[in-house]
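J.: Quick one, structure for this:
(2 chains)
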2 protein chains.
Amino acid sequence: MSEQKNQVTPLSELGEFGLIHRLTLNLSPGQPSTVKGVGDDAAVLRFGEHTVLVSKDLLVENVHFDLSYYPLRHLGYKAAVVNISDIVAMNGRATHLLVGLAVSSKFSVEAIEEVFAGIRLACERYELDLVGGDTTSSTSGLMISITVIGQARAEDVTYRHTASAGDLICVSGDLGSAYAGLLVLEREKHAFRSAPGIQPDLEGFDYILERQLKPEARTEVPDILRQIGVRPSAMIDVSDGLSSEILHLCEASGLGCTLYTDRIPLDPATVSALEDFGIDPLTAALNGGEDYELLFTVPLKDYDRIRDIQGIHLIGHMSPASEGRFLQSPQGTRIPLTAQGWDAYPHTTP
Amino acid sequence: MSEQKNQVTPLSELGEFGLIHRLTLNLSPGQPSTVKGVGDDAAVLRFGEHTVLVSKDLLVENVHFDLSYYPLRHLGYKAAVVNISDIVAMNGRATHLLVGLAVSSKFSVEAIEEVFAGIRLACERYELDLVGGDTTSSTSGLMISITVIGQARAEDVTYRHTASAGDLICVSGDLGSAYAGLLVLEREKHAFRSAPGIQPDLEGFDYILERQLKPEARTEVPDILRQIGVRPSAMIDVSDGLSSEILHLCEASGLGCTLYTDRIPLDPATVSALEDFGIDPLTAALNGGEDYELLFTVPLKDYDRIRDIQGIHLIGHMSPASEGRFLQSPQGTRIPLTAQGWDAYPHTTP
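T.: The predicted model follows:
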């Protein structure tokens, strides 16, 4: 590394995923209990007959959330849920949670209690034990670090890298709604700033606001799949946007894909709100993120079992890598898929 | 909680431990796998015959470290070691590590690589697998969140709450040296600020600087105890200072204690450096923190086995709670023990 000593590469040049890739190059696990290290929604460890999943995420004020419209209790709830969702995306069940909070002195004890109340509410709702809590001060703002531990039967664990060419691509629920909710909150914030007396106009936006402010992990989806006897061949949760996530599945599995634009599920409330903003709903679904729906693949043979399941949508299929990664319109136009999802290190120039 | 809605309690009023106590009140674990939740150095989970330990810590720039004198690689190493030390303090062996980094755009890719290189070095040295890595941006500075997972035999796990009256109090290594190292670094930083051309004068301070900049977890201590057939009755690591840690043991075990001031181990280099600063070495040992030595209790019957073990010092004994918690000088003067260790939420007025 000595030749790099004087090199200064801006973070924006690599982006979040490029950076993680570079930082975790050439890791060679030595513990017999390590089944899967970095590179999926959670680490997979095996202790005897028990398979244990571990997920960890950071939420940073003014990067991941804006306290001018984000209630603290919702924030705590969401911080827990996004980690629980990672465990669900491995086809596991979250069982334990540890939380670390860094807070500046601008926060009161009662404010921190609100964040914790949200975390504890999520633990009750999803039946997790809160087994570790740590707080420290920060020089600016609030930061929440959550670790969630889960369990799964060894044969149930579902990775990103195990899809096959020909597999069907499915997604639960609908997409783009959390992003639509964010746009509404941002608009009202700016309206309030320019005319401080104004009351926020949030009527009719209940669904998309709830999707942004109180997301849920899709624990019912793996249950449904088990009931109908379908085992997903690969799975990931939609945290950064559909295009980013499907590209992760393609990359990890060494495959291509085709997504059909008319199959991507959108809620009418999302479409209507996005129209107000002049934003194409498809763009929001592909790049918006924070939906916490499950994106998964199933073998073609399961087509009949899955095609009529409510709340699960067939949106495309995996293909050999040589066929590329495309969005296809009903007219047959094919556009290359690129990840424009949420980026932790945005370029300053477009 | 409605009557508290308008209450605003400053964080400094409760302090770090008071806050954690309040936030984690009335937790009732429901998972059969939870053996011990909050309240010790690590959570204890049981999966079949396997006992798994989980520890989590946050390090925040300008709260826990100052990058003007803290090399990034050392910082990464230390962030890993403080969590490994928590697992050792449970009498376990650390096996897996997950890291979350929040970094502002002032950091280059190469800077983050340095932090990671330190973390990876600690993983190699202590034989841990790095199984999860996440980075995100922050609006200011660097923050490192580490989760370490460890393993132990069920019968080996050592808690804080299991000391008995009459047990001997032991500590490994020496105390106050990391704090002495910090004072030297702070002095040179201020000297450099007032005369920017000046070279830092760090000669003769190797030991205390290493104790501050490259602490190690005392993994050999539990090994030694096993070899001589001594099972600690309670254990904790010294992260916040001896007085804070012994009070944790007393509090958790419902006991009192007496510490003998002349028994508290101090290194000559520490004593000499602290003299320069006009600071009583005993005060540094009691309140300095960051030594990452192990503080533990053993039954009185083990006195003969442990009294001559190099690097382990008998410094006092536990007593019934009614007898209080005291420091005792060779002359027999008894001073009540109070925790003045490192506080994440210092009062603004003394």
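J.: hey, where'd the strands end up in chain A?
T.: Here chain A has its strands, by DSSP state E, at A:34-36, A:43-47, A:50-60, A:93-103, A:129-137, A:142-152, A:168-172, A:234-237, A:255-260, A:294-298, A:312-320, A:325-328, A:334-336.
J.: And the residue nearest the centre of chain A, how far from chain B?
T.: Taking C-alpha atoms, centre = their mean as the criterion, A:Ser239 is the residue nearest the geometric centre of chain A, at 1.8 Å. Distance from A:Ser239 to chain B, counting by C-beta to the nearest C-beta, to the nearest Å: 11 Å. (Each C-beta comes from the backbone N, C-alpha and C, glycine too.)
J.: now the worst-scoring helix or strand of chain A on mean pLDDT, how far from the chain's geometric center?
T.: Every helix and strand in chain A was compared by mean pLDDT, DSSP states H and E; the lowest is helix A:11-23, with a mean of 84. In terms of C-alpha atoms, centre = their mean, to the nearest Å, the centre of helix A:11-23 is set 18 Å apart from its chain centre.
J.: what about the nearest residue to A:Thr261 once chain neighbours are set aside, how many residues close to it?
T.: Distances taken as C-beta to C-beta, 6 or more residues apart in numbering or on different chains place A:Ser329 nearest to A:Thr261, at 5.0 Å, with adjacent residues excluded. By other C-beta atoms under 10 Å in any protein chain shown, 12 other residues sit near A:Ser329.
J.: Pull the contacting residues for A:Ser329.
T.: A:Thr261, A:Asp262, A:Ile335 (C-beta atoms under 8 Å, 6 or more residues apart in numbering or on different chains).
J.: who wins for neighbours among these?
T.: Using other C-beta under 10 Å as the neighbour criterion, A:Thr261 leads those with 17 neighbours.
J.: Verify the stated contact: the residue nearest to the centre of chain A with A:Gly288.
T.: No - counting by C-beta atoms under 8 Å, A:Ser239 stays clear of A:Gly288, with 10.6 Å between them.
J.: Pipe the contacts of A:Ser329 into CSV and attach pLDDT per row.
T.: As requested, the contacts of A:Ser329 are arranged in CSV below (pLDDT from 0 to 100):
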residue, pLDDT
A:Thr261, 96
A:Asp262, 96
A:Ile335, 93
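J.: So which bits of the stretch 151-300 of chain A are right by chain B?
T.: With C-beta under 8 Å from any C-beta of the partner chain as the criterion, the stretch 151-300 of chain A meets chain B at residues A:Gln151.
J.: follow-up on the earlier one: which of the contacts of A:Ser329 sits closest to chain B?
T.: Distance to chain B, by C-beta to the nearest C-beta, is smallest for A:Ile335 among the contacts of A:Ser329, at 29.1 Å.
J.: Bridged to that closest one, which residues?
T.: Beta bridges link A:Ile335 to A:Leu327 when assigned by DSSP bridges.
J.: Contacts only, for the spatially closest residue to A:Gly204 that is not a sequence neighbour.
T.: Using C-beta to C-beta, 6+ apart and skipping the chain neighbours, the partner closest in space to A:Gly204 is A:Ala269 (7.7 Å). When contacts are counted by C-beta under 8 Å, 6+ apart, A:Ala269 touches A:Ser177, A:Ala180, A:Gly204, A:Phe205, A:Asp206, A:Tyr207, A:Ile208.
J.: Likewise for A:Asp66?
T.: A:Leu185, A:Glu186, A:Lys189.
J.: Any idea how many residues pack against the last one?
T.: Okay, so that is A:Lys189. A:Lys189 has 13 neighbouring residues, counting by other C-beta under 10 Å.
J.: Return the distance of it relative to B:Leu327.
T.: For A:Lys189, the distance to B:Leu327 (C-beta to C-beta, to the nearest Å) stands at 55 Å.
J.: Give me the phi and psi for the closest residue in space to the residue nearest to the centre of chain A that isn't next to it in sequence.
T.: Ranked by C-beta to C-beta, 6+ apart and with sequence neighbours excluded, the top spatial neighbour of A:Ser239 is A:Gly289, at 6.0 Å. With angles defined as degrees, to the nearest 10, A:Gly289 sits at phi 80, psi 180.
J.: Please apply the same query to the one 3 residues further on.
T.: A:Tyr292 has phi and psi values of phi 50, psi 30 when expressed as degrees, to the nearest 10.
J.: Give me the neighbour count for it.
T.: Using other C-beta under 10 Å, A:Tyr292 is surrounded by 24 other residues.
J.: contacting residues for it?
T.: A:Tyr292 makes contact with A:Val81, A:Val82, A:Ser85, A:Ala178, A:Pro215, A:Glu216, A:Ala217, A:Arg218, A:Asp237, A:Val238, A:Ser239, according to C-beta under 8 Å, 6+ apart.
J.: Repeat the analysis, applying 6 Å as the threshold.
T.: A:Tyr292 sits next to A:Ser85, A:Pro215, A:Asp237 when contact means C-beta atoms under 6 Å, 6 or more residues apart in numbering or on different chains.
J.: Tell me what the last one is bridged to.
T.: In other words, A:Asp237. A:Leu294.
J.: Count the residues that sit near it.
T.: Neighbour count for A:Asp237, taken as other C-beta under 10 Å: 24.
J.: gap between it and chain B?
T.: Going from A:Asp237 to chain B by C-beta to the nearest C-beta gives 14 Å.
J.: now swap in the first one and tell me
T.: Taking C-beta to the nearest C-beta as the measure, A:Ser85 falls 14 Å from chain B.
J.: I am assuming A:Tyr69 contacts A:Leu185, so please confirm or correct that.
T.: Yes - if you go by C-beta atoms under 6 Å, A:Tyr69 and A:Leu185 touch, sitting 4.6 Å apart.
J.: How confident is the prediction for the residue of the stretch 151-300 of chain A found nearest chain B, by pLDDT?
T.: Closest residue of the stretch 151-300 of chain A to chain B, C-beta to the nearest C-beta: A:Gln151 (7.5 Å). On pLDDT, A:Gln151 comes in at 97.
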